[in-house]
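# The sequence and its predicted three-dimensional model are supplied below.
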Amino acid sequence: MKTTSYRLFKRAGMAAVLILAVTLAALCVDPQAVYAMEFFREASGNYVTEEDKDGYYYRASEQQLENGECMVYVYGGKEADIVLPKTCGSRKVTGVDTNFSSLVGYLGNGMTSLSTVKIPKGYTTIESGDGGKTGAFQNQKKLYRIEIPKSVKQIGEHVFDGCDFSRLTIVTPRGSAAEAYAAAHGILCTNSKKLKVDFGKETLAVGEKRAIAVYNNPNKIKWKSSDPSVAKVGTKGVVTAQKPGKVTITAKIGKKSYKCKFTVGLSK
C-alpha cells in the first residue's frame, strides 16, 4: 500500500513539473512577451532595444515586429573585427541601420574604428540617411574589408561616405548587388578574402596614370619605383608614367614585397 501511494505521488509530481515546463516554454516564445522584454517605443514610433552583451542595439518598425524581424541599429562594442548578429532574441535581423557606426562617438566607450565586418546571409538592406548626413559605415577610415552576401539587394548611396576607398574592399559573390554597387562607386571588389595586388597590364603610355589595386590589406604599403624618371608611384599606389623606358614598381606589405616590371612607351 505504501509503495502504491509513493508511485502515485511520484507520477503526480512529474506531471506537475511537465506542466510547469510547458507553461514556461509557452511564455518564452510568446511574441507579445518578447515584444515587451526587448523593444521600447521611441517618439518616432519605431522600437529600439538596450545594448546586448556584444554591444549591439536593435531597431524595428511596427511592421517589422509583427513579421518577427528587426535591424541592427548601433554598434557600441570595442571590437574592430566583427560579425554582425543573425538574430535578436527570437527575431531575425535583416538589415544594417543608417546609424550603425555614426553614433558610436556619442557612446563614450572608446570603441576602436572598425577594420573588418562580416554581414551574414539573410540580411537584405544596408541603409544610409537622407542627404548623405549619415550612413551605416560612414567615416570608418580603417575599414579595409566588408563581406556582403548575395541576399543584400539594397545598399544606400552614402553608406561608405568618408571611408578610404584606396584600401576598402567589398568581398561578395559575383553577380551580387554589392558587386554592382562597388563598380558604380569606385570601391575595390572581389569574391575572395585573400590579400592580392593587381598591377594590371605591364605596359604604360607616357602621361598615363594607373591606380594599383590592393585587395584585403590591413597594413600600410611602402611603394617604390626603381626609376622615378620613367614612372613614379605615390603613397596611394598611383603610378604616373613619365618617359619611355623600363621600370619596376614594388609594393612592400609587411615582410612581403610584390613587384611588377612595366614598359613605358610613347602614347599613340
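Cool, got the structure.

# buried sites along stretch 129-140?
Under the neighbour-count criterion of 16 or more other CB atoms under 10 Å, stretch 129-140 has Gly129, Thr134, Gly135, Ala136, Phe137, Gln138, Asn139, Gln140 buried. C-beta: built from backbone N, CA, C; applies to glycine.

# cool, and stretch 54-74?
The neighbour-count check on stretch 54-74 (16+ other CB under 10 Å) flags 55-60, 64-65, 69-74 as buried.

# Could you list the low-pLDDT ranges of the stretch 151-268 of the chain?
268 (pLDDT under 70).

# Show me where it has its helices.
177-185 (DSSP state H, counting those that start in this stretch).

# can you tell me which of the buried residues of stretch 54-74 are in strands?
Of the positions in those, Tyr56, Tyr57, Tyr58, Arg59, Ala60, Glu69, Cys70, Met71, Val72, Tyr73, Val74 sit in strands, assigned by DSSP state E.

# Mind putting those residues into JSON lines with distance to Gly234 and pLDDT?
Below are these laid out as JSON lines (distance: CB to CB, whole Å; pLDDT from 0 to 100):
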{"residue": "Tyr56", "distance to Gly234": "39", "pLDDT": "91"}
{"residue": "Tyr57", "distance to Gly234": "40", "pLDDT": "92"}
{"residue": "Tyr58", "distance to Gly234": "43", "pLDDT": "95"}
{"residue": "Arg59", "distance to Gly234": "42", "pLDDT": "94"}
{"residue": "Ala60", "distance to Gly234": "46", "pLDDT": "94"}
{"residue": "Glu69", "distance to Gly234": "46", "pLDDT": "95"}
{"residue": "Cys70", "distance to Gly234": "44", "pLDDT": "95"}
{"residue": "Met71", "distance to Gly234": "40", "pLDDT": "96"}
{"residue": "Val72", "distance to Gly234": "37", "pLDDT": "95"}
{"residue": "Tyr73", "distance to Gly234": "39", "pLDDT": "93"}
{"residue": "Val74", "distance to Gly234": "36", "pLDDT": "90"}
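
# of all these, which comes closest to Thr203?
Val72 (46.6 Å; CB to CB).

# That closest one contacts Pro85, doesn't it?
Yes: if you go by CB atoms under 8 Å, Val72 and Pro85 touch, sitting 6.3 Å apart.

# Mind listing the shared neighbours of those two?
The contact sets of Val72 and Pro85 overlap at Tyr56, Val93 (CB atoms under 8 Å, 6 or more residues apart in numbering).

# Dump stretch 241-253 to PDB, keeping only the CA atoms.
This file holds the C-alpha atoms of stretch 241-253, laid out as PDB (Å, rounded to 0.1, in the frame of the first residue of the first chain):
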ATOM      1  CA  ALA A 241      54.400  57.200 -66.500                       C
ATOM      2  CA  GLN A 242      57.000  59.900 -67.200                       C
ATOM      3  CA  LYS A 243      59.100  58.900 -70.200                       C
ATOM      4  CA  PRO A 244      59.800  55.800 -72.300                       C
ATOM      5  CA  GLY A 245      61.800  53.100 -70.600                       C
ATOM      6  CA  LYS A 246      61.500  50.100 -68.200                       C
ATOM      7  CA  VAL A 247      60.700  50.400 -64.500                       C
ATOM      8  CA  THR A 248      59.900  48.100 -61.600                       C
ATOM      9  CA  ILE A 249      57.200  49.100 -59.200                       C
ATOM     10  CA  THR A 250      57.300  47.500 -55.700                       C
ATOM     11  CA  ALA A 251      54.600  47.300 -53.100                       C
ATOM     12  CA  LYS A 252      56.100  46.200 -49.700                       C
ATOM     13  CA  ILE A 253      53.300  45.000 -47.400                       C
END
